[in-house]
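# Just the structure for this:
(2 chains)
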Amino acid sequence: MSQLRKFGFTCALAIAAGGSAFAAAPIPPLVSDPAHSQLEFSGIQAGAPFKGLFKKFTASVSLDPNQLAASRIEVQIDLNSLDSQDADRDTAMRGSDFFDVARMPSAHYVARAITKTAKGYAATGSLTLRGVTRDVAIEFQYAPSAAGATLSGTSKVKRLDFGVGQGEWNSTEWVGDEVKIQFSLFLKPPR
Amino acid sequence: MPEQRVIHRYGAVAQALHWIIAALIVTQFVLASLAEDLPAGMHKLALLARHKSFGMTVLMLAVVRLAWRLFNKPPPLPPGMKPYEVALAKITHSLFYVLLFALPVTGWLMSSSKGYTVSWFNLFAWPNLVPKDETAFKILKSRHEMLATILFFVAILHILAALKHHVWNKDDVLRRMLPFTNTGK
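You can find the predicted model right below:
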């Protein structure tokens, strides 16, 4: 009897352990390869478009198309690494009226609620920028490969929602509110 | 011999183009000199954006004006002008036409080479003429400024000549470009 009980207990334990292990099966994360990943932004200045990019950022992506609920995208952006193709504009953007990199050098994005769409995927996430956290939606395509995966997509951010544009810049007359974000990431397993 | 019909005044279109472009050019000098001393910032951005919009307006009007000039003979120069005076008048007027194109075009090139697309009063954007190139920008900037200096002195010469005709020669050279005046002919 005691042997049977022991066996039953062991089985139950094994099932419980196996079950919980299955439910929490961590999706192995992939990280962005800086040499093959781009994060660009474009806006409107004085009625004309301009483009820029962040040279330093890291993305960590745990994405399984069959386990979207457990999937996660996390991006950390070094705002100081921006390059808008003009030194004056870069200085202005790093300054206290815009990103204020001296006080808040990075932006952070965590995507949650990833869903499948006709074209690929959509996610809503939280973007923390200049001390303000707001929901930002992204649309992207995800393609796993032997070497890792590629993830590319777009988003739109309203800069004034985050206080990016203080004082005289808190206006859309000369600098547009909407900033388009474009990203193209090559992801590989972390070392 | 039948009397030849000679028109002694500039027409309304020629006068309008002359004075609108003159006013725009004065505005351009004011905007450029105001922006020059400013640090990078919104005020400078706004002044230069307006400078570019007005400059592109000058370019468009220059096209209209050149076409108008080619199809509408201007009134003849007053009799009694010395050959060198006629030559000077023709050179000055030709220079104006060259500068009316060269200044906006070098400005447009300058902005393109700096990586700043030119907009027209926030309504639409002009294409970039050249790719971004800091060295080209510096050269174009100095050319644009040099042309502006030439335009300044040509304009001074033009104004002095018009006044000389009006005050000294007492002819209708100035009046025929002025609206609401009577040249008596």
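
# which SS state does B:Val30 fall under?
With DSSP: H, G, I helix; E, B strand; the rest coil as the basis, B:Val30 sits in helix.

# pLDDT at it, what is it?
B:Val30 is assigned 97 on the pLDDT scale.

# Could you report the neighbour count for it?
Around B:Val30 there are 12 other residues, counting by other CB atoms under 10 Å in any protein chain shown. Any C-beta I mention is one placed from the backbone N, CA and C, and that applies to glycine too.

# Then the one 5 residues further on?
Per other CB under 10 Å, the neighbour tally for B:Ala35 reads 17.

# Show the contacting residues for the residue in chain A positioned nearest to chain B.
Residue nearest to chain B within chain A (CB to the nearest CB): A:Gly47, separated by 3.0 Å. With contacts defined as CB atoms under 8 Å, 6 or more residues apart in numbering or on different chains, A:Gly47 is in contact with B:49, B:119-125.

# Helices of chain B, start to end?
Listed in chain order, the helices of chain B (DSSP state H) span residues B:12-36, B:42-71, B:83-113, B:134-163.

# Among the ones you listed, which comes closest to A:Val110?
For the helices of chain B, the distance to A:Val110 is smallest for helix B:42-71, at 33.1 Å, taking CB to CB.

# A:Thr172 sits in which helix or strand?
Under DSSP states H and E, no helix or strand contains A:Thr172.

# Would you mind measuring from it to B:Leu48?
Using CB to CB, to the nearest Å, we find A:Thr172 at a distance of 18 Å from B:Leu48.

# Quick check: A:Gly125 vs A:Val75, distance?
As judged by CB to CB, A:Gly125 and A:Val75 stand 9 Å apart.

# Overlap of the contact sets of these two?
Common neighbours of A:Gly125 and A:Val75 (criterion: CB under 8 Å, 6+ apart): A:109-110.

# Could you show which parts of chain A are in contact with chain B?
Neighbours of chain B within chain A, by CB under 8 Å from any CB of the partner chain: A:45-50, A:85-86, A:88-89, A:91-92, A:168-169, A:173-174.

# Who has more neighbours out of A:Thr172 and B:Leu48?
The neighbour count for A:Thr172 versus B:Leu48, taken as other CB under 10 Å, is higher for B:Leu48 (21 against 14).

# That one and B:Glu36 touch, don't they?
No. B:Leu48 is beyond contact range of B:Glu36, at 9.7 Å (criterion: CB atoms under 8 Å).

# remind me, longest strand of chain A?
For chain A, the strand with the greatest residue count under DSSP state E is strand A:132-144.

# That strand pairs with which strands?
Here strand A:132-144 is paired, per DSSP bridges, with strand A:121-129 (antiparallel), strand A:149-158 (antiparallel).

# Which residues belonging to the last one are considered buried?
Residues of strand A:149-158 classed as buried by neighbour count (16 or more other CB atoms under 10 Å in any protein chain shown): A:149-153, A:155, A:157.

# do the same with stretch A:95-110
Across stretch A:95-110, burial judged by 16+ other CB under 10 Å covers A:95, A:97-101, A:106-107, A:109-110.

# Next one: the nearest residue to B:His18 once chain neighbours are set aside from A:Gly131, what distance?
Closest residue in space to B:His18, ignoring its immediate chain neighbours: B:Met177 at 6.0 Å, by CB to CB, 6 or more residues apart in numbering or on different chains. Distance, B:Met177 to A:Gly131, by CB to CB: 61 Å.

# Could you do A:Glu173 as well?
25 Å.

# Mind checking which of the two has more residues around it?
Between A:Glu173 and A:Gly131, A:Glu173 has the larger neighbour count (other CB under 10 Å), namely 14 against 10.

# Dihedrals phi and psi, that one?
The phi/psi pair for A:Glu173 (degrees, to the nearest 10) reads phi -70, psi -40.

# residues touching the residue nearest in space to the middle of chain A, list them.
Among the residues of chain A, the one closest to the centroid is A:Val75, at 3.8 Å (CA atoms, centre = their mean). A:Val75 makes contacts with A:39, A:57-60, A:108-110, as judged by CB under 8 Å, 6+ apart.

# Check the secondary structure at it for me.
At A:Val75, secondary structure determined by three-state DSSP is strand.

# cool, the one 10 residues further on as well?
Put simply, A:Gln85 is coil when judged by three-state DSSP.

# pretty sure it is touching A:Gly52, no?
Yes. Counting by CB under 8 Å, A:Gly52 is a contact partner of A:Gln85 at 6.5 Å.
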